[in-house]
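Visitor: structure of the sequence below:
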Amino acid sequence: MFSLQRDEFLAHYHQRSNVETTFSAVKRLFGGAVRAKLPVAQRNEVLLKCLVDNATCLVHAMYELGIETAFPGAAGLTAAS
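Guide: Predicted coordinates:
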């Protein structure tokens, strides 16, 4: 497929690469283990790890790029404060 349909292959591979990078970052930050015992709690733990990883990426981008935020309820809070 790489030789015959290169564009389609690379688009699919790029999506897979992004997912693998995200999994790696989550495991690096929070460890690879899920501590909850019940399936619902395990799912919630993994989803929370993903949410916190996204928030971490957002905060890093805010500080690196100097982006001003306008979150509801966060009056007066900016990346510079």
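Visitor: could you list the low-confidence segments of the chain?
Guide: For the chain, applying pLDDT under 70 flags the ranges 1-2, 73-81.
Visitor: distance from the chain centre to the lengthiest helix in it, please.
Guide: Assignment by DSSP state H gives helix 39-65 as the longest helix of the chain. Distance of helix 39-65 from its chain centroid, counting by Cα atoms, centre = their mean, to the nearest Å, is 6 Å.
Visitor: can you pull the buried residues of it?
Guide: 45, 49, 53 (16 or more other Cβ atoms under 10 Å). For the C-beta atoms, the positions are set from N, CA and C on the backbone; glycine is no exception.
Visitor: just the closest of the residues you listed to Arg28, please.
Guide: Among the buried residues of helix 39-65, Asp53 lies closest to Arg28 (Cβ to Cβ), at 9.7 Å.
Visitor: wait, doesn't that closest one sit right on Lys27?
Guide: No - using Cβ atoms under 8 Å, Asp53 is not in contact with Lys27; the gap is 10.0 Å.
Visitor: state the distance from the residue most central in space within the chain to Gly31.
Guide: Of all residues in the chain, the one closest to the mean position by Cα atoms, centre = their mean is Asn54, 4.0 Å from it. In this view, Asn54 and Gly31 are 18 Å apart by Cβ to Cβ, to the nearest Å.
Visitor: one more: Thr21?
Guide: In terms of Cβ to Cβ, Thr21 sits 17 Å off from Gly31.
Visitor: the helix or strand encompassing Lys27 to helix 39-65, inter-axis angle?
Guide: Taking DSSP states H and E as the criterion, Lys27 maps to helix 6-30. On the basis of axes from the mean of the first three to the mean of the last three Cα atoms, to 10 degrees, helix 6-30 is oriented at 100 degrees to helix 39-65.
Visitor: tell me the SS of Ala70?
Guide: coil (DSSP: H, G, I helix; E, B strand; the rest coil).
Visitor: state the distance from it to Met62.
Guide: According to Cβ to Cβ, Ala70 stands 11 Å off from Met62.
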